[in-house]
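S.K.: test case, fold it:
(one chain, ligands or ions: 1)
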Amino acid sequence: MRIGVLALQGAVTEHIVSIEKTGAEGLPIKRVEQLEELDGLIIPGGESTAIGKLMRKYGFIEAIRDFSGQGKPIFGTCAGMIVLAKRIAGGEDSHLGLMDITVARNAFGRQRESFECDLDVKGISEPVRAVFIRAPLISEVGPEVDVLTVYNNEIVTARQDNLLVSSFHPELTDDYRLHQYFADMVKAKAAATQ
Ligand code: GLN
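M.R.: Model (predicted):
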């Protein structure tokens, strides 16, 4: 099983380490042609405007929409979640526009720019260690979206069919259970299409 990490900007290496802990192969993705070899894709944290611009420049918008259209799983963390959203609060244009959520960028306030906590994630038995860095939150979800984590009344992890998103950075801790959850989505999809 091969899981790629979009390597245009942001936290790539840490995701690859976490993917490999699940037993899958992790690959940095810099060119659209590489998507063909993948069973799943992670869009990492970083800066969503910069990632969006580079995705447009290198043809990733159409290519990733097509990848998702084949039902292949995509996991967006932090800026990656913003890039997947259909709507960005404040009127900014969306990027991939795939997931039926509205996100608010940098939503946890200045004094809480960075923080860590343990959170319950639906489908994972024990709390997961979550690192938030200038994180977005999900302010609205469509009917197809399954909310997986609520923190202080705000939605911070959600899933819609083949799409998974988290406000926080699961790759920055040794806890790889959210990557395992994603790898299980990828495995289920790969098994269903064989
Ligand atoms: N604040 C960033 C943005 O809006 C996301 C931060 C992150 O990915 N850690 O794009």
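S.K.: for the chain, which residues are neighbours of the ligand?
M.R.: 45, 46, 47, 48, 78, 79, 82, 105, 106, 133, 134, 136 (C-beta under 6 Å from any ligand atom). For the C-beta atoms, the positions are set from N, CA and C on the backbone; glycine is no exception.
S.K.: thinking the fifth one is in contact with residue 165, fair?
M.R.: In this case it means residue 78. No: under the criterion of C-beta atoms under 8 Å, residue 78 is not in contact with residue 165, lying 9.1 Å apart.
S.K.: just the strands in this protein please.
M.R.: All strands of the chain, identified by DSSP state E, fall at 2-6, 25-29, 40-43, 74-77, 85-88, 99-104, 114-119, 128-133, 137-141, 146-151, 154-160, 163-166.
S.K.: how about those strands in a markdown table, adding mean pLDDT and mean neighbour count?
M.R.: Below are the strands of the chain laid out as a markdown table (pLDDT from 0 to 100; neighbours: other C-beta atoms under 10 Å):
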| stretch | mean pLDDT | mean neighbour count |
| --- | --- | --- |
| strand 2-6 | 98 | 24 |
| strand 25-29 | 98 | 18 |
| strand 40-43 | 98 | 27 |
| strand 74-77 | 98 | 28 |
| strand 85-88 | 98 | 21 |
| strand 99-104 | 98 | 23 |
| strand 114-119 | 94 | 14 |
| strand 128-133 | 95 | 20 |
| strand 137-141 | 97 | 18 |
| strand 146-151 | 97 | 18 |
| strand 154-160 | 98 | 22 |
| strand 163-166 | 98 | 27 |
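S.K.: could those go into JSON lines alongside distance to residue 13?
M.R.: Compiled in JSON lines, the strands of the chain are given as follows (distance: least, C-beta to C-beta, whole Å):
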{"stretch": "strand 2-6", "distance to residue 13": "8"}
{"stretch": "strand 25-29", "distance to residue 13": "8"}
{"stretch": "strand 40-43", "distance to residue 13": "12"}
{"stretch": "strand 74-77", "distance to residue 13": "14"}
{"stretch": "strand 85-88", "distance to residue 13": "25"}
{"stretch": "strand 99-104", "distance to residue 13": "25"}
{"stretch": "strand 114-119", "distance to residue 13": "20"}
{"stretch": "strand 128-133", "distance to residue 13": "16"}
{"stretch": "strand 137-141", "distance to residue 13": "26"}
{"stretch": "strand 146-151", "distance to residue 13": "25"}
{"stretch": "strand 154-160", "distance to residue 13": "22"}
{"stretch": "strand 163-166", "distance to residue 13": "18"}
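S.K.: which ones are touching the spatially most central residue of the chain?
M.R.: Closest to where the C-alpha atoms of the chain average out (C-alpha atoms, centre = their mean) is residue 76, at 1.2 Å. With contacts defined as C-beta atoms under 8 Å, 6 or more residues apart in numbering, residue 76 is in contact with 42, 43, 82, 83, 84, 99, 163, 164, 165, 166.
S.K.: now, among these, which is nearest to residue 62?
M.R.: Using C-beta to C-beta, residue 83 is the member of the contacts of residue 76 that lies nearest residue 62, at 14.0 Å.
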